[in-house]
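# Let's see this in three dimensions:
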Amino acid sequence: MFEDSPALYLARRDAYAAFLAAADAEAHVAWFRGDGRYADEAAAVAAVDRAYAATRGAFAPIEVEGLGPAPEGRGLLDGLAALHRDGGARPDWKAFKAAREGFVAAARAALQGFRNGQSQPRSVTEGGADAR
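Residues are numbered from 1 along each chain as shown. Prediction:
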């Protein structure tokens, strides 16, 4: 299947990578907020809002397709939300890191499955190509 659809494979890979990059950028905003790097709380909230919008925008293609690492992507969004809870006063970095690792593993498994001939990649949690 990969030989027949390299454009689809690359589009999925790029969507997964764009979402991961946006999630990492949003995590940096949370880190900077907690570190007091914004001029004031209004500037911090504006940065969070911009990062939030970018992350959700990057997740949209994954969510619409609903295949591959979509469930793990939702988990990563939950992990990001945990960073922002209580105005970022007590970010849960452990939950974020675990969710990020889960998304990366699921994206790899979905892409590997696609390379191995599965036209509809499934997530690790759905018993995908490299389900653990």
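
# From here on, just use CA atoms for contacts and neighbour counts.
Will do.

# isn't Val48 right up against Val29?
Yes. Between Val48 and Val29 a contact is recorded at 6.3 Å, counting by Cα atoms under 8 Å.

# Mind naming the longest helix for this structure?
helix 6-34 (DSSP state H).

# Which of the three states applies to Lys97?
helix (DSSP: H, G, I helix; E, B strand; the rest coil).

# Name all residues that make contact with it.
Gly79 (Cα atoms under 8 Å, 6 or more residues apart in numbering).

# pLDDT score for it?
Looking at Lys97, its pLDDT is 97.

# what does the one 3 residues further on give?
Looking at Arg100, its pLDDT reads 98.

# Leu76 is in contact with that one, correct?
Yes. The criterion here is Cα under 8 Å, and Arg100 meets it with Leu76 at 5.7 Å.

# quick one: which of those two has more around it?
Using other Cα atoms under 10 Å as the criterion, Arg100 and Leu76 rank with Leu76 on top: 25 against 22.

# Please report how far that one lies from Lys97.
9 Å (Cα to Cα, to the nearest Å).

# Please identify which of Val48 and Val29 sits among more neighbours.
Ranked by neighbour count (other Cα under 10 Å), Val48 and Val29 place Val29 first, with 25 against 21.

# Show the pLDDT at that one.
We note a pLDDT of 97 for Val29 in this prediction.

# contacting residues for it?
Here Val29 is in contact with Ala44, Ala47, Val48, Ala51 (criterion: Cα under 8 Å, 6+ apart).

# quick check, nearest of these to Leu20?
The nearest member of the contacts of Val29 to Leu20, counting by Cα to Cα, is Ala51 at 12.3 Å.

# Could you give the number of residues near that closest one?
By the criterion of other Cα under 10 Å, Ala51 has 21 neighbours.
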